[in-house]
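Enquirer: coords please:
(chains A and B)
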Amino acid sequence: MSFEAISNFVAAFFTLSIFSFLYKDNPFYKFAEAMFVGVTMGYAIPLVYYNTFIPFVYRPIFIEHNFIILIPALMGSLYIFRFSKNLSWLSRYPIVFGMAIIGMGVPLSMHAYVLVQMRIAMMPIDNINTFIIFVGTITILLYFFFSKAHKGVYGKITNIGIWYMMVGFGASFGYTVMARISLLIGRIQFLMGDWLHLMK
Amino acid sequence: MKRQIPLLIVIILGFIFAIHTFVPHKASADFYDWYQTWIKALSPFMVLLGIMSLFMVNTAKIQRKIPGWQYSVITLLSLIVTGAVGFIWGTQEGTPFMWLFKNVQMPMGATMFSLLAFYIASAAYKAFRARSIEATVLLVAAIIVMLGQVPIGMAISKWIPETSSWILNVPNLAAKRGIGLGVGLGMTATSLKILLGIERTYLGGGD
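Expert: I've put the predicted structure just below:
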C-alpha cells in the first residue's frame, strides 16, 4: 500500500464517518466530530505562533528590543483572567482596547453601508430594470419602518417589499444550496475517484 | 472603577478614532499605526483564550466522567498532537502538519459542510411548501437560481439561465440594497451606542 493510498484511506475514513450522520448519530460520527474540533484548533496554534506571535511579539521585544511592545503583550495576557471569578475584570482591558476601533466604525459604516448605497440607488430611471430596483429599495425600506402600522395602502406597499425580499432570500438560498452541492460532488468524486478508482 | 475605567478607554480612544477618520493629519495617522502595532501584539493571546476554554470544557467533562467523555479525550489528544506536529516539523508544504490538514481537517470540513446539502433540502421542503404567495415567490426564485447555475437548466430552456441572471441582478439587487441600508443604519446606531457608553454588554457581568 503506497503512502498516497494510506493518505486517501484516512481521508475516506473520516469522510464516511461524517456522512454516517445521515443515518443517525453514531460513535463513528462522534469520533470524527471530536477529532475535527481538536485538529482544527491544533492547526491554528502553530500558525498563530509563527505568523502572529513571532513577528509581532517575540521579534519586536527580543530581537529589535522594542520593549514598549511588552505593554500590549502583558495586556493580552490579561485575557486569561476571563476564567477567574475574582479577577475577571482584568480581562476587560484587552477587550476594550480592541473595542475602541468602533469609533472608526461610526463614520465608516455610515459611509460604506448607507451613503454610498444611497448614492448608487439614486441613479437615473432610464429603463424598466432600474425602475424595478428603485421600487424594490423604497418598498423594503418602508417595510422596515415600524413606527407606522402596516395597514391599508401602506400595508399593500410594504407587501411589495416583502415580495422583493422573498426573491432575494430565494436567490441567496439557491446559491447556498448550490455551494453545498458543489462540496458534496467534490467529496463523492474523491471517494469514487481518488480512493476507489471507480471513475477517472 | 472596575467598569468605569475600561468604559472610559473605549469612549476616549473611540472618539479619537472617530476624529481620525475625518482628520488625515500625520499625528493622527501615526496614532493609528501605533494602535495597529499594539493590536497585532495583543491578538495571539486571544487564541490562547480559545485554547484554554477548549481545555477547560473538555477536562471538566473527563473529570466528571459525563456521558461521551471519551470524545473529549480525542479532542484534546488531536489538538495536542496537531499542535506538536506543527511545532516539531514546521508548517511548510510536505510536512506531517500539512498531511494532517489535507487528509484529516480538510476532508472532514468539506464533508461537514456538504452534509448541509441534505439538511438544507429537507428544511427547504418543510419551509417552502408553498403555503402562501410569499413562500411560492421564494421557492420559484430559489429553483430558477439553482437551475440557472447548472447545465441542466440550459438544457431545459435557454430562458432559465437568463431569468436566473435577471433575478440576481434586478430584484435580488433591490432586496440586498434595501436590507443593506437597514443593516448599515443598525451598525451605525450600535457603534454609536458603544461609543457613548450606552451599550455595555461587552464588558461582561460582575463588578
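Enquirer: from what I can see residue B:28 touches residue B:18, true?
Expert: No: assessed by CB atoms under 8 Å, residue B:28 is found out of contact with residue B:18, at 11.1 Å. Yep, even glycine has a C-beta here, placed from its N, CA and C like the rest.
Enquirer: Neighbour count: those two, which is higher?
Expert: residue B:18 (20 against 16; other CB atoms under 10 Å in any protein chain shown).
Enquirer: How far does the lowest-mean-pLDDT helix or strand in chain B sit from its chain's centre?
Expert: Ranked by mean pLDDT, DSSP states H and E, the helix or strand of chain B with the weakest confidence is helix B:106-128, at a mean of 86. Taking CA atoms, centre = their mean, to the nearest Å, one finds helix B:106-128 lying 18 Å from the centre of the chain it belongs to.
Enquirer: measure the spatially most central residue of chain A to residue A:185 for me?
Expert: Centroid-nearest residue in chain A, with CA atoms, centre = their mean: residue A:176, separated by 13.4 Å. Distance from residue A:176 to residue A:185, counting by CB to CB, to the nearest Å: 15 Å.
Enquirer: Report the buried residues of the least confident helix or strand of chain B.
Expert: Using 16 or more other CB atoms under 10 Å in any protein chain shown as the burial criterion, the residues of helix B:106-128 that qualify are B:106-117, B:120, B:124, B:128.
Enquirer: Contact partners for the nearest residue to residue B:117 once chain neighbours are set aside?
Expert: Counting by CB to CB, 6 or more residues apart in numbering or on different chains, residue B:117 lies nearest to residue A:180, which is 3.7 Å off, once chain neighbours are set aside. Residues near residue A:180 by CB atoms under 8 Å, 6 or more residues apart in numbering or on different chains: B:113, B:114, B:116, B:117, B:120.
Enquirer: now the host helix or strand of residue A:180: mean pLDDT?
Expert: Per DSSP states H and E, residue A:180 falls inside helix A:152-189. The average pLDDT for helix A:152-189 rounds to 93.
Enquirer: Report the inter-axis angle for that helix versus helix B:106-128.
Expert: On the basis of axes from the mean of the first three to the mean of the last three CA atoms, to 10 degrees, helix A:152-189 is oriented at 150 degrees to helix B:106-128.
Enquirer: what about the chain, any weak spots by pLDDT?
Expert: Chain wasn't specified; assuming chain A. Counting by pLDDT under 70, chain A contains no low-confidence residues.
Enquirer: my question was about chain B
Expert: For chain B (pLDDT under 70), the answer is B:128, B:130.
Enquirer: quick one: buried residues of the helix holding residue A:180?
Expert: For helix A:152-189, by 16+ other CB under 10 Å, it's A:158, A:160-175, A:177-181, A:183-184, A:187.
Enquirer: circling back to that earlier point, out of the buried residues of helix B:106-128, which comes closest to residue B:49?
Expert: Closest approach between the buried residues of helix B:106-128 and residue B:49, by CB to CB: residue B:109, at 22.7 Å.
Enquirer: can I assume the closest one is in contact with residue A:37?
Expert: No: using CB under 8 Å, residue B:109 is not in contact with residue A:37; the gap is 11.0 Å.
Enquirer: Near residue 140, how many other residues are there?
Expert: Since no chain was named, I'll use chain A. Residue A:140: 26 neighbours (other CB under 10 Å).
Enquirer: You answered for a different chain; I wanted chain B.
Expert: Here the count is done by other CB under 10 Å, and residue B:140 has 17 residues near it.
Enquirer: Work out for me the element it sits within.
Expert: helix B:133-148.
Enquirer: Then residue B:40?
Expert: Element membership of residue B:40 [criterion: DSSP H and E] is helix B:26-42.
Enquirer: Using PDB, write out every CA atom in that helix.
Expert: What follows is helix B:26-42, C-alpha atoms only, in PDB (Å, rounded to 0.1, in the frame of the first residue of the first chain):
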ATOM      1  CA  LYS B  26       0.300  62.800  10.300                       C
ATOM      2  CA  ALA B  27      -0.100  62.700  14.100                       C
ATOM      3  CA  SER B  28      -3.500  61.000  13.600                       C
ATOM      4  CA  ALA B  29      -2.100  58.500  11.100                       C
ATOM      5  CA  ASP B  30       0.900  57.800  13.400                       C
ATOM      6  CA  PHE B  31      -1.500  57.200  16.300                       C
ATOM      7  CA  TYR B  32      -3.500  54.800  14.200                       C
ATOM      8  CA  ASP B  33      -0.300  52.900  13.200                       C
ATOM      9  CA  TRP B  34       0.700  52.700  16.800                       C
ATOM     10  CA  TYR B  35      -2.700  51.200  17.700                       C
ATOM     11  CA  GLN B  36      -2.400  48.700  14.900                       C
ATOM     12  CA  THR B  37       1.000  47.500  16.200                       C
ATOM     13  CA  TRP B  38      -0.400  47.100  19.700                       C
ATOM     14  CA  ILE B  39      -3.500  45.200  18.400                       C
ATOM     15  CA  LYS B  40      -1.200  42.800  16.400                       C
ATOM     16  CA  ALA B  41       0.800  42.200  19.600                       C
ATOM     17  CA  LEU B  42      -2.300  41.500  21.500                       C
END
